[in-house]
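>>> Below are the sequence and a predicted model for it; my questions follow.
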Amino acid sequence: MYVTQKTYFESIRMIESFTTESNISSTIDSLLQDQPEYVSFDELMIRRLNQQALDSPRAMRYYEGRRISENSVKKFLLGYSDKQDMVTIPMHSPDGAVVVGFVARSVEGKEFKNTPKLPKSKILFNLHRAKKHSTVYVVESSFDAIRLDQNGLASVATLGANVSRTQTDLLTKYFNSVIVVADNDEAGKEMQAKISERLGNRAILINIPDRFKDIGDMTDSDIQELAKKMNDPLLNYI
């Protein structure tokens, strides 16, 4: 009952189900063993996909269209699957020790796929690189985080507007100041409100100009102008 958190009668049935096995204790021992929080994904596959992207004119045109540089394709090990016609973005554990999977997006249309059991709610894209800074920009999309990185701004992505408690705990753990730049829609506003509620005055909320949907729509000069606002003491953050 203690190990499995089952009721008395459920525990009895479980024990009875093992009567034909030779060693119940080994089964109980396996339940007591600590399971790894983050399971390592095939890093050779990640590197193969990255090389396929670099070798594919179609993939590189797509990245160029998203204003993602070749240096960033190499730095973030961005990939491409010609069979699926999807680009891939590797995800790491918070400490960067292991690749835990990837997020994929179709080159045509807007179809998304994740590797099985990707722990999206327990990670932040690019956290292991950004956490050496005291201030971080938080966006929804990994591509938006890469665009900020290309402009010299430490950034992470929540991989969607639905921010988990674990993700906000990670922001609290590693950063003194968290600048939230959400997408220009209702989901983005909800994301800002949730992070602000959990992080208090550690969170700074910035609204991008109405003519842009998200960071991905902005040029590098637009992003630099947005960053300059951080040094404006008269700016009101909403």
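Cool, the structure landed.
>>> List the contacts of residue 152.
By C-beta atoms under 8 Å, 6 or more residues apart in numbering, the contact set of residue 152 is empty. Every residue, glycine included, has its C-beta placed from N, CA and C.
>>> I'd like the numbering to begin with 167 instead of 1 from here.
I'll keep to 167 as the first residue from here, and by that count the last item is residue 318.
>>> helix, strand or coil for residue 335?
helix (DSSP: H, G, I helix; E, B strand; the rest coil).
>>> Helix or strand with the lowest mean pLDDT in the chain?
Ranked by mean pLDDT, DSSP states H and E, the weakest helix or strand in the chain is helix 190-198, scoring a mean of 57.
>>> immediately after it, which helix or strand?
Sequence-wise, the next helix or strand downstream of helix 190-198 (DSSP states H and E) is helix 209-221.
>>> what packs against that next one?
Counting contacts by 3 or more C-beta pairs under 8 Å, 6 or more residues apart in numbering; DSSP states H and E, helix 209-221 is packed against helix 223-231, helix 236-241, strand 245-247, strand 252-258, strand 265-272.
>>> Rebuild those as CSV, extending it with mean neighbour count.
CSV is the format used below for these (neighbours: other C-beta atoms under 10 Å):
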stretch, mean neighbour count
helix 223-231, 15
helix 236-241, 14
strand 245-247, 23
strand 252-258, 24
strand 265-272, 21
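>>> Which among the ones you listed is found nearest to residue 317?
Minimum separation from residue 317 across the helices and strands packed on helix 209-221 (C-beta to C-beta) falls at helix 236-241, 11.1 Å.
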